[in-house]
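Peer 1: quick one, fold the following:
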Amino acid sequence: MRRSLLAWYDRQGRELPWRIRPEARAAGRVADPYAVWLSEIMLQQTTVAHAAPYYARFLILWPTVHDLAKAPREDVMAEWAGLGYYARARNLHACAKVVSETLNGTFPSSLEGLRALPGIGEYTAHAIRAAAFDLPASVVDANVERVITRIFRFNAPLPAAKPDIRKHASTLADPDRSGDYAQAIMDLGAVICTPRAPSCGSCPWQTHCAAREAGDQEIYPVKAAKKAKPVRHGLAFVVLRGEGEGREVLVRTRPDKGLLGGMLEVPGTDWLDDAQALPSMAEAAPLALDWRKTGPISHVFTHFELRLTVFAAPFTKQAKLPDGTRWVAVHPIRAAGLPTVMKKAVQAGL
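Peer 2: As a prediction, the model looks like this:
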C-alpha cells in the first residue's frame, strides 16, 4: 500500500508553495522548517486556497522566524485578520519569539521539542516533523481520518474514534519516506478520497478499500449527531468620521484571553445568551451621538451563532472618545485588521 500511494504522489501530488516535491528533494532542495511551520499553523481549520495568500504575504513581510519575532504583535494580528481562530495568531507570534530568542532560530525536530512550543499540538508536531525534517511521524488530519475510516470501514463515530483512527494510521505510515508519505495521504484525502463523490477509480488504494468494496464510501467517517448551536446576542456601535477614501471607524482592542483575543473590535456589549438581558442602546452607547439602527448581522463561530444589532453614527468633535479606542481606516477594510464579524458590523454601519 505504501509503495502504490507514494508512486501516485510522485506522479500527481499537489504543487504547494511550502512543499518540497520529491524531484526537487532529489536535486538537493530541502524544506524550510519556518515555512513549513507557518503553513501548518495557517492550515489549521481552513483550506489551502484560503491560507495560501496569507502565507505568501507573511513571507514577504517576515521572511525569517527572527523577522516575525521582532514584529509588533498587533501587526501580526492585523495581517492574520480573516484567517479566524485568532488564538493561533497570538501563539504564532509567541512561538516565533521562543524559537528566535531561546532556540537561536532553529526549530526542534523531535516531537517533544515541537509540542513544547506555543500553538503546536500533537497533529501539528507530527506534520512539521514529517514535512520539515522527513522524520517518522503519524500525521492525521480530517482528510486522513476520512481515508482511514474508508479503508478499514471504521464504524465508530467521530470524535470519540480519533485515538483508534490514529492507531490504524500509524500502521500504514512509511518510515523511509516519512515526509512524502504524510503529504501523500493528505493529498489522497483532499483530491481523490473527497467527502462527496470520491474518485475511487483513480485511487491508488482502491483494491484495499473495504468501504469501496461495500459501496458505502460516502457514509464515512461516521460522525456523532450535531447539537444545535446556541445563539448569543449583543449590540455593536460603529462610529465613523471623514468621507470617501479617508473615512475612519472607531475601534478598540479585545482582551487577550477569550474569543477573538487581542483583535480589534468596534465598541459594543458583552455577548449574552438572553437577548432580553442586553442593555438598551442608550445605556450601552459608548458616546452621546445621533445613533441609527443599521443591523442586525449574524456570524457563525465554531460553537455558537452571534447576532449583533448594529448602531451607527457620525462622530462629532464635541464627543469625548472612550479610553482605549482609536481610529482605523475603513478603506480598504482588510487593512484595518478587523476579524470577519467586525468587518460585517462596519459594513452594516456604512
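Peer 1: and stretch 121-130, what's buried?
Peer 2: Buried residues in stretch 121-130, counted by 16 or more other C-beta atoms under 10 Å: 123-130. (Each C-beta comes from the backbone N, C-alpha and C, glycine too.)
Peer 1: an error on my part: the question was meant for stretch 32-47.
Peer 2: Under 16+ other C-beta under 10 Å, the buried positions of stretch 32-47 are 32-44.
Peer 1: got it, and stretch 180-200?
Peer 2: Buried residues in stretch 180-200 (16+ other C-beta under 10 Å): 180-193, 198, 200.
Peer 1: quick one on the thing from earlier: among the buried residues of stretch 32-47, which one has the lowest pLDDT?
Peer 2: Least confident of these in the model: Gln44, at 88.
Peer 1: Ala127 is in contact with that one, correct?
Peer 2: No - counting by C-beta atoms under 8 Å, Gln44 does not reach Ala127; the two are 9.7 Å apart.
Peer 1: for the closest residue to Gly268 other than its chain neighbours, give me its contacts.
Peer 2: Counting by C-beta to C-beta, 6 or more residues apart in numbering, Ala236 is the residue found nearest to Gly268 once chain neighbours are left out, at 4.1 Å. Applying C-beta atoms under 8 Å, 6 or more residues apart in numbering, we find Ala236 in contact with 265-268, 295, 297, 308-311, 342, 345.
Peer 1: with neighbour count added, can I get these in TSV?
Peer 2: What follows is those, written out as TSV (neighbours: other C-beta atoms under 10 Å):
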residue	neighbour count
Glu265	16
Val266	25
Pro267	19
Gly268	21
Gly295	18
Ile297	20
Leu308	24
Thr309	22
Val310	23
Phe311	24
Met342	27
Ala345	28
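Peer 1: just those residues now: which is nearest Glu101?
Peer 2: Using C-beta to C-beta, Glu265 comes nearest to Glu101 of the contacts of Ala236, at 30.2 Å.
Peer 1: distance of the closest one from Leu250?
Peer 2: According to C-beta to C-beta, to the nearest Å, Glu265 stands 10 Å off from Leu250.
Peer 1: same question, Pro296
Peer 2: The gap separating Pro296 from Leu250 is 20 Å, by C-beta to C-beta.
Peer 1: swap in Ala49?
Peer 2: Taking C-beta to C-beta, one finds Ala49 at 33 Å from Leu250.
Peer 1: out of these two, which sits in the more crowded spot?
Peer 2: Leu250 (22 against 7; other C-beta atoms under 10 Å).
Peer 1: OK, contacts around that one?
Peer 2: Going by C-beta under 8 Å, 6+ apart, Leu250 touches 238-241, 266-267, 286, 315, 321, 325-327.
Peer 1: can I get those residues in TSV including distance to Gln217 and pLDDT?
Peer 2: Formatted as TSV, these follow (distance: C-beta to C-beta, whole Å; pLDDT from 0 to 100):
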residue	distance to Gln217	pLDDT
Val238	48	97
Val239	53	97
Leu240	52	95
Arg241	57	94
Val266	46	96
Pro267	50	97
Pro286	54	95
Phe315	58	96
Leu321	58	93
Thr325	54	96
Arg326	53	94
Trp327	54	94
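Peer 1: which one (most neighbours) among those?
Peer 2: Highest neighbour count within those: Val239, with 27 neighbours (other C-beta under 10 Å).
Peer 1: and it, that's in a strand?
Peer 2: Yes - according to DSSP: H, G, I helix; E, B strand; the rest coil, Val239 belongs to a strand.
Peer 1: mind checking how far it is from Arg292?
Peer 2: Taken as C-beta to C-beta, the span from Val239 to Arg292 is 12 Å.
Peer 1: quickly list what's touching both of these two.
Peer 2: Shared between the contact lists of Val239 and Arg292 (criterion: C-beta under 8 Å, 6+ apart) are residues 312-313.
Peer 1: pull the host helix or strand of the residue nearest to Gly268 out as CSV, backbone CA atoms only.
Peer 2: Secondary-structure element containing Ala236, defined by DSSP states H and E: strand 231-241. Taking Å, rounded to 0.1, in the frame of the first residue of the first chain, the C-alpha atoms of strand 231-241 are listed here in CSV:
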residue,chain,number,x,y,z
VAL,A,231,-27.3,31.8,19.8
ARG,A,232,-25.7,34.7,21.6
HIS,A,233,-26.8,38.4,21.3
GLY,A,234,-25.1,41.7,21.5
LEU,A,235,-25.0,45.4,20.5
ALA,A,236,-22.3,46.9,18.3
PHE,A,237,-21.6,50.6,17.7
VAL,A,238,-20.0,51.9,14.5
VAL,A,239,-18.6,55.4,15.0
LEU,A,240,-17.5,57.0,11.7
ARG,A,241,-15.6,60.1,10.8
